[in-house]
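S.K.: test case, fold it:
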Amino acid sequence: MIRFCMGGVGLRSVALLAVVLMSALVLACGANGDGDVQAEPTKVVLQPTEMVVPTSVPAPIPAPTVPVPTATPEGEVFDVGRFADVPGIVDPSNFDWPRSIETSEGVITLESPPERVHSLSLGHSEILAALMDFDRLTAVYSFFVDEEQSNIAALSADHTLIGFAPEEVVALEPEVIIASRFTNADTVALMSGANIPVARTSLENSALGNVPNILLIGYMIGAEIEAIGLADEIERRMRVISEALPDGDKPRVLSVSKWTSAFAAGSGSTEGGIIEQAGGIDAAADSGIEGHQQVSIESIAAINPDVIIVPQPLEGANTFIEELTSSPALADVPAVRDGQIFYVLPRYHTTLSHWNVRGVEQLAAMWYPLAFEGVEFEEFVNFGR
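M.R.: Residues are numbered from 1 along each chain as shown. Sure thing, here's the model as predicted:
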């Protein structure tokens, strides 16, 4: 018989012991989707070269139309109406603490603004970096420091680095854990079982579609003003793009990357959404491809794109581009024939955060240089810088 001595041991310690025992049964390592913690990615140390395109200094954020006092110590004001229809906020009239958030696992309640926040995905971590002091993030993962794939690589380089086991997260004692729809349900259950609130929030393929998620996260961590500022900037920058895009024929663009096999990005993919928002036609979606599907050289020839973009680490991208340009089967494909194959930074095209706007700006300026002549598109600013 095994006896457990409870004297002097708190509930959190008991929960941690349970997590350590249970985690041996759960595989929850690595990266999935935009970098959600699932399976450890291959680390490639590279010297990235960004495609040079015109880059717009957004106009200053306008004053809110109907300011309402908040509960912030500084007495700052903001338009509470921005949060009225945000999914997940239980009481959009409550800007005091505690606050309740409805997630797919049920309602969680935060008693005060969390000072220790943990994120299981790169996209959520990029959003958090834009809203709060990065020191409030308890830890980062190895793929966060990859300069080609991450927009918070510089911030992450000197931060606490952990592995992918759930018990490592629990040991950090975060006040809230933010997970995405890709996070393994058993991983969420283990962390919830340690009496840590877990909020599973969506990340969208559309730049504008992520605005409600940004507002929800801002509400959750007590950064309402920062969230409104970021949402306003996204909306303003996307409006600049949509108003400048010319009428007429659009290029058919294929986003394709090769790892062990080549995969094209079709309907419902982040890359496909960026292509369409930049004024192009997602050639893979136009050919009936949904999500990311494996394609052959012959399939690429059948898709017959005007432009090909390759959003993967530069070393592999250069090898793949050479394969495409030298293939006799692709010699008559417009993208190959006309030299319209481009490497693009993965961190603008594969992450699920506001940084996708940079991918939209980059492509729009490349395809319609006259429409964006003289326009400079700046990087987003991380709060911790």
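S.K.: let me see the mean pLDDT of stretch 204-216.
M.R.: Stretch 204-216 shows a mean pLDDT of 89.
S.K.: contact partners of it?
M.R.: With contact meaning Cβ atoms under 8 Å, 6 or more residues apart in numbering, stretch 204-216 is reached by 82-83, 85-89, 101, 127, 131, 201-203, 224, 227-228, 230-231, 234-235, 238, 268-270, 272-274, 277, 352-354, 356-357, 360. In this view, the C-beta of every residue, glycine as well, is placed from N, C-alpha and C.
S.K.: now swap in stretch 228-247 and tell me
M.R.: Applying Cβ under 8 Å, 6+ apart, the contact partners of stretch 228-247 are 56, 58-59, 61-62, 64, 78-79, 82, 127, 130-131, 207-208, 210-211, 214-215, 218, 277-279, 354, 357, 360-361, 364, 368, 371-372, 375, 377, 380.
S.K.: where is the longest strand in the chain?
M.R.: Looking across the chain with DSSP state E, the single longest strand is strand 252-258.
S.K.: after that strand, next one along is what?
M.R.: Sequence order places strand 262-265 as the next helix or strand after strand 252-258, per DSSP states H and E.
S.K.: packing partners of that next one?
M.R.: Using 3 or more Cβ pairs under 8 Å, 6 or more residues apart in numbering; DSSP states H and E, the elements in contact with strand 262-265 are strand 252-258, strand 292-295, helix 297-303.
S.K.: can you give me the offset of the shortest one from its chain's centre?
M.R.: Computed by Cα atoms, centre = their mean, to the nearest Å, the chain-centroid distance of strand 292-295 equals 21 Å.
S.K.: listing partners with orientation, what would you give for that strand?
M.R.: Here strand 292-295 has these sheet partners by DSSP bridges: strand 262-265 (antiparallel).
S.K.: ok, and what's touching the partner strand?
M.R.: Strand 262-265 is contacted by residues 254-257, 271-272, 282, 284, 289, 291-297, 299-300, 303, 320 when judged by Cβ under 8 Å, 6+ apart.
S.K.: what's the answer for stretch 360-367, then?
M.R.: By Cβ under 8 Å, 6+ apart, stretch 360-367 touches 51, 53-56, 207, 237-238, 241, 244-245, 251, 253, 274-275, 277-280, 307, 309, 342, 344-345, 348, 371-372, 375, 377.
S.K.: ChimeraX command for the buried members of the contacts of strand 262-265?
M.R.: A single ChimeraX command suffices to select whichever of the contacts of strand 262-265 are buried according to 16 or more other Cβ atoms under 10 Å:
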select :254,255,256,257,271,272,282,284,289,292,293,295,299,300,303,320
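S.K.: counting neighbours, what do you get for Ile177?
M.R.: 29 (other Cβ atoms under 10 Å).
S.K.: other SSEs contacting the longest strand of the chain?
M.R.: Checked by 3+ Cβ pairs under 8 Å, 6+ apart, strand 252-258 has strand 262-265, helix 270-277, strand 281-282, helix 283-286, helix 297-303, strand 307-310, helix 314-326 packed alongside it.
S.K.: now Met191: which helix or strand?
M.R.: Met191 belongs to helix 185-192, assigned by DSSP H and E.
S.K.: buried residues in that helix?
M.R.: Applying 16+ other Cβ under 10 Å to helix 185-192 flags Thr187, Val188, Leu190, Met191, Ser192 as buried.
S.K.: can you tell me which of the residues you listed is nearest Leu314?
M.R.: Nearest to Leu314 among the buried residues of helix 185-192, counting by Cβ to Cβ, is Thr187 at 31.7 Å.
S.K.: confidence score at that closest one?
M.R.: Taking Thr187 on its own, its pLDDT is 83.
S.K.: do the same with the one 5 residues further on
M.R.: With respect to pLDDT, Ser192 has a value of 83.
S.K.: just checking, Pro346 touches Gln312?
M.R.: Yes - counting by Cβ atoms under 8 Å, Gln312 is a contact partner of Pro346 at 5.9 Å.
S.K.: compare those two (neighbour count), which wins?
M.R.: Shown here are Pro346 and Gln312; by other Cβ under 10 Å, Gln312 has more neighbours (25 against 22).
S.K.: tell me the contacts of the more buried one?
M.R.: Gln312 makes contact with Ser257, Lys258, Trp259, Phe320, Pro346 under the criterion Cβ under 8 Å, 6+ apart.
S.K.: the same query, at a cut-off of 7 Å, please.
M.R.: Shown in contact with Gln312 (Cβ atoms under 7 Å, 6 or more residues apart in numbering): Ser257, Pro346.
S.K.: burial count for the residue nearest to Arg82 when sequence neighbours are not counted?
M.R.: In space, and not counting its chain neighbours, Arg82 is closest to Ile228: 5.4 Å by Cβ to Cβ, 6 or more residues apart in numbering. Ile228 has 21 neighbours, counted by other Cβ under 10 Å.
S.K.: need the longest helix for this structure.
M.R.: For the chain, the helix that runs over the most residues, judged by DSSP state H, is helix 224-244.
S.K.: domains of this protein?
M.R.: According to automatic domain parsing, the chain comprises the domains 12-239, 247-367.
S.K.: deepest-packed of the ones you listed, please.
M.R.: domain 247-367 (a mean of 20; mean count of other Cβ atoms under 10 Å).
S.K.: point out where the chain drops to low pLDDT.
M.R.: Filtered on pLDDT under 70, the chain yields the residue ranges 1-75, 384-385.
S.K.: circling back to that earlier point, mind putting the buried residues of helix 185-192 into CSV with distance to Val176?
M.R.: Output for those, formatted as CSV (distance: Cβ to Cβ, whole Å):
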residue, distance to Val176
Thr187, 15
Val188, 13
Leu190, 16
Met191, 10
Ser192, 11
